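> Quick one: sequence and predicted model below, then my questions.
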Amino acid sequence: MDTALVLTALASAFCFALALVLTQFGLRTAQPMTGAAIAVPTTAVLFVLLSPVTVQWADWHTPSALKFAAAGIFFPVAVTLLTFSANRHIGPNLTGTLGNLTPLFAVALAVLLLGEIPSGPQLAGIAAICAGVAMLFMGRSRTPTAPWLLALPLAAALVRGVVQPVVKLGLLDWPNPFAAATVGYVVSALVMGGVMAARRGNWQTPPRHGLAWFVAVGVTNGAAVVLLYMALARGPVTIVAPLVASYPLLTLALNRCLLGQSELSKFALAGILITVAGVGLLLRS
């Protein structure tokens, strides 16, 4: 197993988890849509400012750039909006349970587009990670008022799963994770700008400390995306996707350290054990 690949994927998972925890501080000062409207463009501007150092634009590859841009239409902006909507309608626990089917979609598409055929132990590890992470959210979910609302977190999981093989395809011809993140985030920022323009009457200006929290969330999410793309440039989707999908486990640990949330249900404890076992099985395979 490529140690650098594993560490990069797990670092991405850690950054995604940290961004979720920081978001809780920001949401004490403003609505989720406002936070997304700050975080996504902030990260896009940061990537553009860094691009003279991180991206060799002379290596521009149009087909790859188009794949990165296509990914940017949906990730992170569409996933953010779908997740916010799901949280509002069906709660965070059920959203988390269904949203963490991402590796299944990612692996299925990787098989079709990239010819990555996982082994039996790899499939068992992926299944264990999905099941374990889902159990972290069990026990406190409320039933949605309409069954179609379940489509919201499923759509978010599908988008996250589709984006990874598509970006991997682009990285095959233009192996620069920063280029992928920069192009994708610029497109996401434009989409976010269009959404906010359509909702201009609902804009809420957060206080200065709230603005700082959302900027921190944007930077942390940006780091997570770059690390994800670095891992995809280095290794197969069938390994990277399930490792990154273990981020809710790290979120529990960070919530305990930073927010003092120490209560764990029996489902969460079982989920931790199953997720760790799945990661171990995946690595051993």
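Done, it's in.
> check contacts around the closest residue to residue 5 other than its chain neighbours.
Leaving aside its sequence neighbours, residue 5 sits nearest to residue 235 (Cβ to Cβ, 6 or more residues apart in numbering; 4.1 Å). Quick note: C-beta positions are derived from backbone N, CA and C, even for glycine. By Cβ atoms under 8 Å, 6 or more residues apart in numbering, the contact set of residue 235 is 2, 5, 9.
> In the stretch 1-150 of the chain, where is pLDDT below threshold?
Along the stretch 1-150 of the chain, the model assigns pLDDT under 70 to residues 1, 87-88, 90-97, 99, 137-146.
> What segments of it are helices?
3-26, 32-54, 62-74, 77-90, 92-99, 102-114, 120-136 (DSSP state H, counting those that start in this stretch).
> Show which residues not belonging to the longest one make contact with it.
Residues outside helix 3-26 that contact it (Cβ under 8 Å, 6+ apart): 35, 206, 210, 213-214, 216-217, 220-221, 223-225, 227-228, 230-231, 234-235, 239-240, 243-251, 253-255, 258-259, 283.
> Which ones among the residues you listed map onto helices?
Judged by DSSP state H, the subset of the contacts of helix 3-26 located in helices is 35, 210, 213-214, 216-217, 220-221, 223-225, 227-228, 230-231, 234, 239-240, 243-244, 247-251, 253-254, 283.
> Select only the buried ones of these in PyMOL?
This is the PyMOL syntax for the buried subset of the ones in helices among the contacts of helix 3-26, where burial follows 16 or more other Cβ atoms under 10 Å:
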select buried, resi 35+210+213+214+216+217+220+221+223+224+225+227+228+230+231+234+239+240+243+244+247+248+249+250+251+254
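> got a winner among the contacts of residue 235 for most neighbours?
Highest neighbour count within those, by other Cβ atoms under 10 Å: residue 9, with 26 neighbours.
> ok, so what distance separates that residue from residue 51?
The span separating residue 9 from residue 51 equals 24 Å under the rule Cβ to Cβ, to the nearest Å.
> What of residue 196?
From residue 196 to residue 51 the distance is 24 Å (Cβ to Cβ).
> do residue 15 as well
Applying Cβ to Cβ to residue 15 and residue 51 gives a distance of 20 Å.
> ditto for residue 172
When residue 172 is compared with residue 51 (using Cβ to Cβ), they lie 21 Å apart.
> Settle it for me: which of these two has more neighbours?
It is residue 51, of residue 172 and residue 51, that has more neighbours when counted by other Cβ under 10 Å, with 17 against 13.
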